[in-house]
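J.: Pasting the sequence and the predicted model now:
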Amino acid sequence: MDIFWEALKDALIDTLWVIPFLYLAYLLVGYFSHEGNGKYSKLLHHTKKVGPLVGAFLGCVPQCGFSSVMSKLYSNKVVTLGTLMAVFIATSDEAIPLMISKPEFVPKLLLLLAFKVAFAIVIGYAIDLMLGLFTIKKKKAAQVEVIKEGDHCEHAHDEKHEHDHCCAKNIFVDALKHTLIITAWVFVATLIINLVLGYAGLDALKGIFTDNIYLQIVIGCAIGLIPNCAGSVFLVELYMSGALGFAALVGGLCAGAGVGLIVLFTVNKKKIWQNLAIVVSLYAIAVGCGMIVSLFNIV
């Protein structure tokens, strides 16, 4: 019983320490999203060629707001599949505010973001290039006409609707709401990890995740696919506790598109097989990214 109370106390202390950092981070995200979301959509609509590049950087913004917006834009044929995948791969959800809350992990956070942005850009453009090679020019031209003539008004409506849905009227209240939600997830994840560490020991937990680096990456990427913030919170907490390696963290967060996957299946529900193919591809790409990072032997 002493182990339980010790784990509970440590989880409370760790969680309380994170709260101010989370609130400030979400306040900045709320302001950025409120001011920039519409401009971002227009940029991608008129200059699709820079989609993967811009998407890779904005996908790094904490939360999964841009991944959900991108799913909506992709379903309306405003952005390419490469742009969608670039945002998914770059999305880190709650990893940034959690790692910022502990300054000793900031250097690894910068390295994490560098890997994710690089993977997102290269893979995003590679996907668009491959699709372009297998696309008939005449069909592509016809699709462009359909988008211009039939989807322009719908896009404007959807963009406004998505903007209204994602961007709060009061960013202070919205930041507080997100902080409380993520705080709860952080507390639960931290408590679970503390209990496992307390009863099983760190060595036992490390044995499950790190004895086989390849299996570790496979498991980490599966956790990353959880379509909410729980996956990223769990991965980051495991990494910061020393139970998960850096390569598995990168792979898992490359697979973590947050609620973007839920939005994709919701707005693109007539193309279930296409959505499933995107999920499978995202997982395979994330595993590949993790394997590449493992070659650098970063801990």
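T.: Happy to help now that I have it. Residues are numbered from 1 along each chain as shown.

J.: Make sure Leu235 is actually in contact with Leu253.
T.: Yes: using Cβ atoms under 8 Å, Leu235 is in contact with Leu253, at 6.4 Å. Where you see a C-beta, it was placed from the backbone N, CA and C, and this is true even at glycine.

J.: Next up, the contacts around Ile89.
T.: Ile89 sits next to Ala56, Gly59, Lys116, Phe119, Ala120, Ile123, Gly124, Cys254, Leu282, Ile285, Ala286, Cys289 when contact means Cβ atoms under 8 Å, 6 or more residues apart in numbering.

J.: can you tell me how far it sits from Glu104?
T.: 26 Å (Cβ to Cβ, to the nearest Å).

J.: same deal with Ser68?
T.: Separation of Ser68 from Glu104 (Cβ to Cβ): 32 Å.

J.: In terms of neighbours, single out the busier of the two.
T.: More neighbours surround Ser68 than the other of Ser68 and Glu104, with 25 against 8 (other Cβ atoms under 10 Å).

J.: Now the more buried one: closest residue in space, sequence neighbours ignored.
T.: Val263 (4.3 Å; Cβ to Cβ, 6 or more residues apart in numbering).

J.: And the host helix or strand of that neighbour, how far out from the chain middle?
T.: Following DSSP states H and E, one finds Val263 within helix 260-267. Taking Cα atoms, centre = their mean, to the nearest Å, the mean C-alpha location of helix 260-267 is offset from the chain mean by 14 Å.

J.: Where does pLDDT dip in the stretch 51-200 of the chain?
T.: Scanning the stretch 51-200 of the chain with the threshold set as pLDDT under 70 gives 63-65, 136-169.

J.: What's the local residue count around Leu114?
T.: Rather than Leu, residue 114 is Ala. Ala114: 10 neighbours (other Cβ under 10 Å).

J.: Most neighbours among the contacts of Ile89, which one?
T.: If you count neighbours using other Cβ under 10 Å, the busiest of the contacts of Ile89 is Cys254, which has 31 neighbours.

J.: secondary structure class for that residue?
T.: Taking DSSP: H, G, I helix; E, B strand; the rest coil as the rule, one finds Cys254 in the helix state.

J.: That one contacts Val293, correct?
T.: No: when contacts are counted by Cβ under 8 Å, Cys254 is not listed as touching Val293 (9.2 Å).

J.: tell me the helices in the stretch 101-250 of the chain, going along the chain?
T.: 106-133, 137-150, 152-166, 171-200, 202-210, 213-224, 229-240, 246-255 (DSSP state H, counting those that start in this stretch).

J.: got the buried residues for the first one?
T.: Judged by neighbour count (16 or more other Cβ atoms under 10 Å), helix 106-133 contains these buried residues: 108-109, 112-113, 115-117, 119-121, 123-125, 127-128.

J.: returning to that earlier point: among the helices of the stretch 101-250 of the chain, which comes closest to Met85?
T.: Within the helices of the stretch 101-250 of the chain, the stretch nearest Met85 is helix 106-133; the backing value is 5.6 Å (Cβ to Cβ).

J.: can you state the direction angle for that closest one and helix 246-255?
T.: Angle, helix 106-133 to helix 246-255, by axes from the mean of the first three to the mean of the last three Cα atoms, to 10 degrees: 50 degrees.
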